[in-house]
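>>> Would you be able to build a 3D model of this:
(one chain, ligands or ions: 2)
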Amino acid sequence: MDLFTPSNALIPIAIPDGELLLLEQLPLALTNDEVLARLVADTAWRAESITLWGKRHLQPRLTAWHGEAGYSYSGLDLEPLPFTPLLLTLKQAVELATGHCFNSVLLNYYRSERDSMGMHSDDEAELGPEPAIASLSFGASRRFILRHKHTKQTLRLELSAGSVLLMRGKTQHFWLHGINKSTRPMGPRLNLTFRNILASPTKTR
Ligand SMILES: O=C(O)CCC(=O)C(=O)O
Ligand SMILES: [Fe+2]
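Ligands and ions are numbered 1, 2, ... in the order given. The predicted structure follows:
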């Protein structure tokens, strides 16, 4: 951290074919550890199974989906739970910090170094062509990997507690991202990806 960059500023990370910005610490009234403890305790965590290549698997993490509209990926239809007061507070803090509005959040709970998320793009039609997605992390730092779909250029970002990573522009079109398992023992990590799901005329709420 240099002396001239306020800690509440989004710092651009230059990448080709996309836009990435990182905020080191989201300003919050609670400590990062308080948010972690409350979210772990109060969230209706689910162990979802997904279909990949025709086979059912349990996801290697727990999830919860809160928001105003349904969402589906990998053959999984997620019925959203309403925003809780804490999730609304976090959403508002992320909106203020990023200048983007969100109506949904996917929570991912990585219980240990054995939990992970496969490389993917958040490019579902209901997110629109150039979605802004804000990813807020608590708990153990984990390495977030981005890989360009064509050039295979790879970036590794250590996402620490309280940080916000904003992905926008063409990032989802050109880049994959994910979190690998680790062999090093790690404590729990929580990640919240705030998204804006566009109203779909073919779906009922
Ligand atoms: O846990 C993370 O940092 C990534 C989460 C993610 O990519 C997602 O929810 O789509
Ligand atoms: Fe993602």
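
>>> Show me the helices in this structure, by range?
With DSSP state H as the criterion, the chain has helices at 32-42, 85-98, 171-174.

>>> Pick the most deeply packed of those.
helix 171-174 (a mean of 20; mean count of other C-beta atoms under 10 Å). From N, CA and C alone the C-beta is placed, and that goes for glycine too.

>>> what about it, near ligand 1?
No - using C-beta under 6 Å from any ligand atom, helix 171-174 stays clear of ligand 1, coming no nearer than 9.7 Å.

>>> mean confidence score for that helix?
Averaged across helix 171-174, pLDDT comes to 98.

>>> Of all the residues in the protein, which one is nearest ligand 1?
residue 191 (3.3 Å; C-beta to the nearest ligand atom).

>>> And residue 1, what's its pLDDT?
So residue 1 comes in at 56 (pLDDT).

>>> swap that for residue 58, sorry
Residue 58 is assigned 93 on the pLDDT scale.

>>> ditto for residue 77
Predicted confidence (pLDDT) for residue 77: 65.

>>> Can you name the residues bridging to the residue lying closest to residue 87 once chain neighbours are set aside?
Distance criterion C-beta to C-beta, 6 or more residues apart in numbering; nearest residue to residue 87, sequence neighbours excluded, is residue 66 at 5.5 Å. Taking DSSP bridges as the rule, residue 66 bridges to residue 81, residue 105.

>>> OK, contacts around residue 66?
80, 81, 82, 83, 84, 87, 104, 105, 107 (C-beta atoms under 8 Å, 6 or more residues apart in numbering).

>>> With residue 182 instead?
Contacts of residue 182 (C-beta under 8 Å, 6+ apart): 113, 142, 143.

>>> May I ask which of the residues you listed has the most neighbours?
residue 142 (22 neighbours; other C-beta atoms under 10 Å).

>>> ok, that one - contacts?
110, 158, 159, 179, 182, 186, 189.

>>> Show me what from this protein comes close to ligand 1.
106, 108, 117, 122, 135, 144, 159, 177, 179, 191, 193.

>>> ok so, going back, could you verify my assumption that the residue of the chain closest to ligand 1 touches residue 105?
No - here residue 191 lies out of contact with residue 105, judged by C-beta atoms under 8 Å, at a distance of 10.1 Å.

>>> Looking at the residues of the chain next to ligand 1, which are in strands?
Counting by DSSP state E, the part of those found in strands is 106, 108, 117, 135, 144, 159, 177, 179, 191, 193.

>>> Adding neighbour count, pLDDT and distance to residue 44 as columns, could you present those in JSON lines?
Listed next are those as JSON lines, based on neighbours: other C-beta atoms under 10 Å; pLDDT from 0 to 100; distance: C-beta to C-beta, whole Å:
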{"residue": "106", "neighbour count": "21", "pLDDT": "97", "distance to residue 44": "13"}
{"residue": "108", "neighbour count": "21", "pLDDT": "98", "distance to residue 44": "14"}
{"residue": "117", "neighbour count": "20", "pLDDT": "97", "distance to residue 44": "20"}
{"residue": "135", "neighbour count": "22", "pLDDT": "98", "distance to residue 44": "21"}
{"residue": "144", "neighbour count": "20", "pLDDT": "98", "distance to residue 44": "25"}
{"residue": "159", "neighbour count": "21", "pLDDT": "98", "distance to residue 44": "24"}
{"residue": "177", "neighbour count": "23", "pLDDT": "98", "distance to residue 44": "26"}
{"residue": "179", "neighbour count": "21", "pLDDT": "98", "distance to residue 44": "22"}
{"residue": "191", "neighbour count": "21", "pLDDT": "98", "distance to residue 44": "17"}
{"residue": "193", "neighbour count": "18", "pLDDT": "98", "distance to residue 44": "17"}
